[in-house]
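[1] The sequence and its predicted three-dimensional model are supplied below.
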Amino acid sequence: MVRSDVRAKIEQLRNEINEHNYRYYILDQPSVTDAEFDRLFRELETLEKAHPELIVPESPTQRVGATPIEGFETVTHLTPMLSLENAFSIDELQHFDNKIKQLLGKDKDILYSCEPKFDGLAVSIIYENGVFVRGATRGDGTTGEDISANLRTIPTISLVLQGKFPSTLEVRGEVVMPKASFLALNEAAIKHNEKPFANPRNAAAGSLRQLDPRITAKRKLEFYAYSGQVIKGKALPLTHHESLQQLKTWGIRISPDNKVVQGIKAVQKYYEQLLANRDKLPFEMDGMVVKVNDISLQEKLGYVSRAPRWALAYKFPAEEVVTHLEEVDFQVGRTGTLTPVARLKPVAVGGVVVSNATLHNMDEIARKDIRIGDYVVVRRAGDVIPEVVRPVLEKRGQVKHIKLPLKCPVCGSEVVRIEGEAAARCEGGLICQAQQIESIKHFVSRKGMDIEGLGSKLVEQLVNEQLIKTVADIYHLSKETLSNLERMGDKSATNILQAIDKSKKTTFAKFIYALGIREVGESTAQLLSTHFSLEQLMSASEEQLLALPDIGPVVAGHIVHFFAQKNNLKVIEALLKSGVHWPKEIKKTTHLPLSGKTYVITGTLSRSRDEIKQDLQALGAKVTDSVSAKTDGLIVGVDAGSKLVKAQKLGITLIDETQLNKLLTSK
Ligand code: IVH
């Protein structure tokens, strides 16, 4: 064949294959047999192999890149990727509808578009001139990670668009792992002695974060779009529903079961039907999403902070099933806490097989009167760890009381229960291998020092073989030690050492988090890092810590206690000596815009109190529960009660939602 003929043939094959993919994945109306499809595909592969200069990234043969990438680039979203307000009851749904009618000044029924709420991972995909050019995770909403190479491997994401598409289009939607693929993946993981994923969402997220797209490609992920935005070109239709249909004509897989209904009662009905069908759909949902269908009304309603006023996630209730409680073990956590774990006869709850569930602590066990041998109700809500709710007393036969062990099941040290605390604790401290393992896992985790490749299994192996005891020992691991481990190649050992070395350059906030001080999570670590240097933090008094918003006496106590322990100081010193460092900032003495101010929130507002609280705290304010002479302002929502009366008596400034929004944005 002459060159131009080859080019034309390749073009024709690609078009044909794309058309078949479109019919198969988007329209669900396959038009050829698998054998015929494979024949076309192989013909294209053969031609491309002979003429590699004619290969383009959007060719259907190019879904799976051959080489792993180094890491993910950060991308800034064209417009922020927002979240949704949640509702858990009919009342909250009704409130949403009332509010919309009130804001729009309408009393007629609103047209709502209803669709499933996918329990997966939000992504944004950009098409330029009909070609997939970039796909990114939601990240923090403003910036995400470029996971193009991984998204390209998902067959339900079209690499090229069909028909008369706009020149630049952004599509947003959810990547999910179907229940069946999830179960198969976990089965394989268990067989290979690997840790199974907790749920399909974690599995989808883990699969999309692979540096090697060949692994992602094997994970059987799927995509559903729930919105689109024309960046350049003819705008989308003026309703949400029609916009989705338009996306579909361009070859984009849209959310199934999308339906427009009139009025909130019909929304409720849709919800009930969806809930009844929950088990029949191949993917996990955690509720439905209801959106005002008319885009011009959406624009009128606008946004509050991070969520649109025109949409709502109406969540499904947690799922419950009954199974047999076979045994109770006690797990020792990072800080020595003993958590009773129920070993259950494996049972499926919402597409996930559960064989362990938390019993929280001994007080909970006593309160619920749960015994070994009971039939128990197990509940799983979203990504929350499954829990045992109650025993089924009618089914109780031979049972045994659950006893707290006197000695730690891991290190044999004494177990104590502190007066007034629910938790029982192993007194072994860092001589307890369980505590060593858990604190090291925490240290190397993504939110901590982020040492890639040093996973749970490897940490366990290193501690069990006494190669490391504390987190500081990680930085003294040698290539020889690592490559002598079972199932560890030279290459992997080198990669891990590189990751360890890379982790030395960190941020102060991550370092504080990684230390694993009790009850100091990511946001507290962040807060501490902006107010103190390491030296200042190590010598801070409880009073100094309490002066920060959001730090109460318990956390302050834990922090002071942590730095009072010689062992901890030694570990910190060793870490710094090994080269762990972060950019040193001069701590600002200037205050945040609302530093020193105290607010109280009352009544129903369009956002949850927690969210408002977080926003105020981010600006340095303190938010308390009761009104006093020290209160600087009372934020008043609908149906405010006694707090409002008290504030009026004391002459405290009242702040309504509009003023609040000004307060939050004007600074
Ligand atoms: S619309 C501006 N529709 O839920 C609103 N989101 O809790 C944009 N989600 O981050 C979201 N299914 O990842 C929308 N049918 C659906 C959805 C959906 C799942 C996710 C989405 C979002 C999160 C918010």
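    Done, it's in.

[2] Only C-alpha atoms from now on, for both contacts and neighbour counts.
    Will do.

[3] what comes up buried for stretch 534-549?
    Neighbour counts over stretch 534-549 (16 or more other C-alpha atoms under 10 Å) mark L534, L537, A540, E542, L545, L546, L548, P549 as buried.

[4] check those against the ligand, which are close?
    Among these, no residue sits close to the ligand (C-alpha under 6 Å from any ligand atom).

[5] wait, which of those is closest to the ligand?
    P549 (27.1 Å; C-alpha to the nearest ligand atom).

[6] Next, count neighbours for the spatially closest residue to that closest one that is not a sequence neighbour.
    With C-alpha to C-alpha, 6 or more residues apart in numbering as the criterion, P549 has its nearest non-adjacent residue at 5.3 Å, and that residue is K622. K622 has 24 neighbouring residues, counting by other C-alpha atoms under 10 Å.

[7] Repeat that for E11.
    So E11, with other C-alpha under 10 Å, has 15 neighbours.

[8] who's the residue nearest to P549 bridged to?
    T598 (DSSP bridges).

[9] thought it was touching G552?
    No - here K622 does not reach G552: they are 11.2 Å apart, not a contact under C-alpha atoms under 8 Å.

[10] any idea of the pLDDT on the residue in the stretch 301-450 of the chain that the ligand sits nearest to?
    The stretch 301-450 of the chain approaches the ligand most closely through P308 (5.5 Å), counting by C-alpha to the nearest ligand atom. If you check P308, the pLDDT there is 95.

[11] Surely it touches G302?
    Yes - between P308 and G302 there is a contact under C-alpha under 8 Å: 6.0 Å.

[12] more neighbours, these two?
    P308 (18 against 13).

[13] residues contacting the more buried one?
    Taking C-alpha atoms under 8 Å, 6 or more residues apart in numbering, we find P308 in contact with L82, S83, L84, E85, L301, G302.

[14] ok, now C411?
    C411 neighbours (C-alpha under 8 Å, 6+ apart): G428, I431, C432, Q433, A434.

[15] Select only the buried ones of the residues you listed in ChimeraX?
    Those of the contacts of C411 that count as buried under 16+ other C-alpha under 10 Å are selected in ChimeraX with:
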select :428,432,433,434
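
[16] ok, which of the contacts of C411 also contact the ligand?
    Within the contacts of C411, nothing lies near the ligand by C-alpha under 6 Å from any ligand atom.

[17] With pLDDT added, can I get the contacts of C411 in CSV?
    Output for those, formatted as CSV (pLDDT from 0 to 100):
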residue, pLDDT
G428, 86
I431, 85
C432, 92
Q433, 93
A434, 94
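
[18] Going by proximity to the ligand, name the top residue of the stretch 101-250 of the chain.
    Counting by C-alpha to the nearest ligand atom, the stretch 101-250 of the chain gets nearest to the ligand through K117 (3.5 Å).

[19] If you drop the residues flanking it in sequence, what lies closest to that residue?
    M288 (4.5 Å).

[20] Give me the sheet partners of the helix or strand where the one you found lies and which way each runs.
    When elements are assigned from DSSP states H and E, M288 belongs to strand 285-292. Here strand 285-292 is paired, per DSSP bridges, with strand 111-118 (antiparallel), strand 311-315 (antiparallel).

[21] Any chance of CSV for those, columns mean pLDDT and mean neighbour count?
    Formatted as CSV, the strands paired with strand 285-292 follow (pLDDT from 0 to 100; neighbours: other C-alpha atoms under 10 Å):
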stretch, mean pLDDT, mean neighbour count
strand 111-118, 96, 23
strand 311-315, 95, 23
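
[22] for these, which one sits closest to S478?
    Across these, S478 has its closest neighbour in strand 111-118 (44.7 Å, C-alpha to C-alpha).

[23] Next secondary structure element downstream of that closest one?
    Once the chain leaves strand 111-118, the next helix or strand it forms, by DSSP H and E, is strand 121-128.

[24] Run the chain-centre distance for that next one.
    Distance of strand 121-128 from its chain centroid, counting by C-alpha atoms, centre = their mean, to the nearest Å, is 18 Å.

[25] Could you pull up the contacting residues of H241?
    Taking C-alpha under 8 Å, 6+ apart as the test, what H241 contacts is S113, N258, K259, V260, N293.

[26] what's the closest of those residues to M1?
    Nearest member of the contacts of H241 to M1, counting by C-alpha to C-alpha, is N258, at 48.2 Å.

[27] Next one: that closest one relative to the ligand, how far apart?
    9 Å (C-alpha to the nearest ligand atom, to the nearest Å).

[28] Let me know whether that residue touches K117 as I believe.
    No - N258 lies out of contact with K117 (C-alpha under 8 Å); the separation is 10.8 Å.

[29] Tell me how far G603 lies from the ligand.
    Distance, G603 to the ligand, using C-alpha to the nearest ligand atom: 24 Å.

[30] scratch that, I655 is what I was asking about
    27 Å.

[31] which non-adjacent residue is nearest that residue?
    I635 is the one closest to I655 (C-alpha to C-alpha, 6+ apart), at 4.7 Å.

[32] In the sheet, which strands lie alongside the one helix or strand that neighbour maps to, parallel or antiparallel?
    Here I635, judged by DSSP H and E, is contained in strand 633-636. Counting by DSSP bridges, the strands paired with strand 633-636 are strand 598-602 (parallel), strand 654-655 (parallel).

[33] Run through who's touching the longest one.
    It stands for strand 598-602. Outside strand 598-602, the residues that touch it by C-alpha under 8 Å, 6+ apart are 609, 621-627, 630-637, 640-641, 643-644.
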